[in-house]
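Chemist: Quick one, fold the following:
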Amino acid sequence: MAIDLRKLILALALLGAFLPFANTLYASYQVQRQQLMDSTLGSNLAYATKLAKSTDDFIQSAQLQLEYTAQLLSGQMHDADRLDTEAARLRLMSKNFNSIVIFDDTGKVLATSPETLQLQGRTLASAAVRESIRSRAPLISKPYLSATGNFIVLMVSPIRDPQGGFLGAIGGAIYLQKENILDRLLGHHFYRDGSYLFVVDGDGQIIYHPDSGRVGKVVRGNRAIDDVIRGGSGTAAVVNSKGIPMLAGYAPVTATGWGVIAQRPRDVTLAPLTSLMRTVFLKTLPLAAATVLLLWWCARVIARPLHMLADGARAMDQPGTPQRLRSVHSWYFESRELKKAMLLGIGLFQKSITKLREDVNTDPLTGLGNRRHLQARLQDLQEQATPFAVISLDIDHFKRVNDTWGHDVGDLVLKQLAMHMQDVSRADDVPCRVGGEEFLLLLPGATVASAAQVAERLRRQVEQAGMPPVGQVTVSLGVAGWPESGADIAAVFKIADERLYAAKRGGRNRVEFHVPVA
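Modeler: The predicted structure follows:
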């Protein structure tokens, strides 16, 4: 199926107009999207780095507090009241720890704060306590479940005598699943738009999370967590435990090997951009609609001359086509040149058609009408009920001419006879060659009598003209008329032939005509 040029131009114009626009819009969206994501990742990295530093500072500060209290208790390990006082003072003064415990070099608890822990006199057997007794050095434990059933991180500082001997240790516990210093340090940074931060230890175990139910969970397969527990810092696009894409920035806490991860939902980050692009689209929609209308109008104006020329091409054989083509307003070069070419082509085409029609209806030797032309004229006369007369004639002794002088001379004689027939014919008369030397002259509107006069004039003209090199040539003629000689046209032509043969039998070079019966 052929494509309409107007639709093709419109489609190409729209394609040319909107593809660059769509590409620009898409490229702008991608660039701004990446900028927003990079900005969020950078902000989260800076945020995580800042909070990691704050956490690191807190750890160092808390260790100094424990170390200072341990120095105060150096010579007072047997003073139960003093131990209770210092434990309570340390917990209540800084509020860095949820509880304080003081134990000797065997792990036996000498003092606690608060006293509700009911650990007094018990020997602690946790891995953190055993490690602190073994190493006799400051340490920060990995998260573990304490004897009181709390999930804690224990910070320990050794207590030594003046000679440096190991007497025991003082430990500060942070309860990870209850209100603690990390909540106060990090909790107010929780965002309502879905952003949050959390802290993991060196094994990928969550030790702080806004959702306390997540504390203690070990996370695997998270790029940010895997990198930060190796001491790295940076940014990553990750998916959280709920399947939400997040943009994370992370940094390590040097003192403990922990990692702080700050992250924000990707969709929240991109929401302003989505709204902006929607606004841009809606703002450009009226202009786009106007552009489409303009392109449609331009396509119509450009295609109209070609469309009209195409219509002309489909009707090349119709008489009024050249006039219609000349009226086409070809306002640009291509259509103007095409119009010129089509007018020239149609002229040549119609000349060819005319010539073809003439060839189809004309005897090629004499230029007279042939049987096809005769039949067409007879049909017209019959449809219009126009009476006519017919003269049937042929050349006397024409075979003798061919045998004596040859066919070339015979053809010349035929051509000269055709000229005589045309000479005696009116404008509407139809001279025809219907056989070798057989001719007919159709006279519309003529009676048998008037046709007989025309026949006699033709006979005399041929006889008197002479036809070199043959010399004198004569013709015999038979005349009949319709409807004078009969109502049937075929019968009328038969009567004319009979009159022709009667002329030949009567001595040739004469005219015989049918006398209608009154």
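Chemist: hey, which helix is longest across this structure?
Modeler: helix 5-72 (DSSP state H).
Chemist: Helix or strand next in line after that helix, which one?
Modeler: helix 80-94 (DSSP states H and E).
Chemist: by contact count, what packs against that following helix?
Modeler: Using 3 or more Cβ pairs under 8 Å, 6 or more residues apart in numbering; DSSP states H and E as the contact test, the elements touching helix 80-94 are helix 5-72, strand 99-104, strand 109-113, strand 166-175. (C-beta placed from N, C-alpha, C; glycine too.)
Chemist: would a markdown table of the ones you listed with mean pLDDT and mean neighbour count be doable?
Modeler: A markdown table is the format used below for the helices and strands packed on helix 80-94 (pLDDT from 0 to 100; neighbours: other Cβ atoms under 10 Å):
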| stretch | mean pLDDT | mean neighbour count |
| --- | --- | --- |
| helix 5-72 | 86 | 16 |
| strand 99-104 | 93 | 24 |
| strand 109-113 | 93 | 23 |
| strand 166-175 | 93 | 24 |
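Chemist: among those, which is nearest Ser132?
Modeler: Judged by Cβ to Cβ, the one of the helices and strands packed on helix 80-94 that comes nearest to Ser132 is strand 166-175, at 5.1 Å.
Chemist: Now do the contacts for Asn180.
Modeler: Asn98, Ile174 (Cβ atoms under 8 Å, 6 or more residues apart in numbering).
Chemist: So for it, what's the pLDDT?
Modeler: Looking at Asn180, its pLDDT is 80.
Chemist: again with Val253
Modeler: Confidence score, pLDDT, at Val253: 91.
Chemist: pretty sure it contacts Gly231?
Modeler: No: assessed by Cβ atoms under 8 Å, Val253 is found out of contact with Gly231, at 10.1 Å.
Chemist: of those two, who's got more company?
Modeler: Neighbour count, other Cβ atoms under 10 Å: between Val253 and Gly231, Val253 has more, with 24 against 12.
Chemist: Below-threshold pLDDT in the stretch 251-400 of the chain: ranges please.
Modeler: Applying pLDDT under 70 to the stretch 251-400 of the chain picks out residues 317, 347-350, 352-359.
Chemist: What ranges does it have for its helices?
Modeler: Applying DSSP state H, counting those that start in this stretch to the stretch 251-400 of the chain gives helices spanning 266-314, 321-326, 333-361, 371-383, 398-405.
Chemist: could you dump the ones you listed to TSV with mean neighbour count?
Modeler: As requested, those are exported to TSV (neighbours: other Cβ atoms under 10 Å):
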stretch	mean neighbour count
helix 266-314	14
helix 321-326	15
helix 333-361	13
helix 371-383	15
helix 398-405	15
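Chemist: Distance to Gly507 added to those helices, as CSV?
Modeler: Below are the helices of the stretch 251-400 of the chain laid out as CSV (distance: least, Cβ to Cβ, whole Å):
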stretch, distance to Gly507
helix 266-314, 61
helix 321-326, 56
helix 333-361, 35
helix 371-383, 28
helix 398-405, 16
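Chemist: Now do the SS call for Pro210.
Modeler: Under the three-state scheme (DSSP: H, G, I helix; E, B strand; the rest coil), Pro210 adopts coil.
Chemist: Of all the residues in the helix or strand hosting Leu247, which ones are buried?
Modeler: Leu247 belongs to strand 245-253 when assigned by DSSP H and E. With burial defined by 16 or more other Cβ atoms under 10 Å, the residues of strand 245-253 counted as buried are Met246, Leu247, Ala248, Gly249, Tyr250, Ala251, Pro252, Val253.
Chemist: again with stretch 455-468
Modeler: For stretch 455-468, by 16+ other Cβ under 10 Å, it's Ala455, Glu456, Leu458, Arg459, Val462, Met467.
Chemist: Figure out how far it is from the centre of its chain.
Modeler: 83 Å (Cα atoms, centre = their mean, to the nearest Å).
Chemist: cool, and stretch 128-141?
Modeler: On Cα atoms, centre = their mean, the centre of stretch 128-141 falls 70 Å from the chain's centre.
Chemist: List the buried residues in that stretch.
Modeler: Applying 16+ other Cβ under 10 Å to stretch 128-141 flags Ala128, Val129, Ser132, Ile133, Arg136, Leu139, Ile140, Ser141 as buried.
Chemist: got those as JSON lines, with secondary structure and pLDDT columns?
Modeler: Formatted as JSON lines, the buried residues of stretch 128-141 follow (DSSP: H, G, I helix; E, B strand; the rest coil; pLDDT from 0 to 100):
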{"residue": "Ala128", "secondary structure": "helix", "pLDDT": "89"}
{"residue": "Val129", "secondary structure": "helix", "pLDDT": "92"}
{"residue": "Ser132", "secondary structure": "helix", "pLDDT": "92"}
{"residue": "Ile133", "secondary structure": "helix", "pLDDT": "92"}
{"residue": "Arg136", "secondary structure": "coil", "pLDDT": "92"}
{"residue": "Leu139", "secondary structure": "strand", "pLDDT": "92"}
{"residue": "Ile140", "secondary structure": "strand", "pLDDT": "91"}
{"residue": "Ser141", "secondary structure": "coil", "pLDDT": "89"}
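Chemist: Dump the residues you listed into JSON lines; add distance to Val109 as well.
Modeler: Output for these, formatted as JSON lines (distance: Cβ to Cβ, whole Å):
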{"residue": "Ala128", "distance to Val109": "14"}
{"residue": "Val129", "distance to Val109": "10"}
{"residue": "Ser132", "distance to Val109": "13"}
{"residue": "Ile133", "distance to Val109": "13"}
{"residue": "Arg136", "distance to Val109": "18"}
{"residue": "Leu139", "distance to Val109": "18"}
{"residue": "Ile140", "distance to Val109": "20"}
{"residue": "Ser141", "distance to Val109": "16"}
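Chemist: thinking again about what came up before, just checking, which of the buried residues of stretch 455-468 belong to helices?
Modeler: Those of the buried residues of stretch 455-468 lying in helices (DSSP H): Ala455, Glu456, Leu458, Arg459, Val462.
Chemist: Among these, find me the one that's closest to Arg264.
Modeler: Nearest to Arg264 among those, with distances taken as Cβ to Cβ, is Leu458, at 114.0 Å.
Chemist: Let me see the contact set for the closest one.
Modeler: Ile391, Leu393, His420, Met421, Val424, Leu441, Val475, Leu477.
Chemist: so how far is Leu287 from Leu14?
Modeler: Distance, Leu14 to Leu287, using Cβ to Cβ, to the nearest Å: 14 Å.
Chemist: Nearest to Gln34 among the buried residues of stretch 128-141?
Modeler: Ile140 (39.6 Å).
Chemist: can I assume the closest one is in contact with Thr254?
Modeler: No: Ile140 is beyond contact range of Thr254, at 11.7 Å (criterion: Cβ under 8 Å).
Chemist: Contact partners for Glu67?
Modeler: For Glu67, counting by Cβ under 8 Å, 6+ apart, the contacting residues are Pro138, Ser157.
Chemist: for the helix or strand where Thr235 lies, packing partners?
Modeler: Using DSSP H and E, Thr235 maps to strand 234-239. Packing contacts for strand 234-239, counted by 3+ Cβ pairs under 8 Å, 6+ apart, involve helix 5-72, helix 223-228, strand 245-253.
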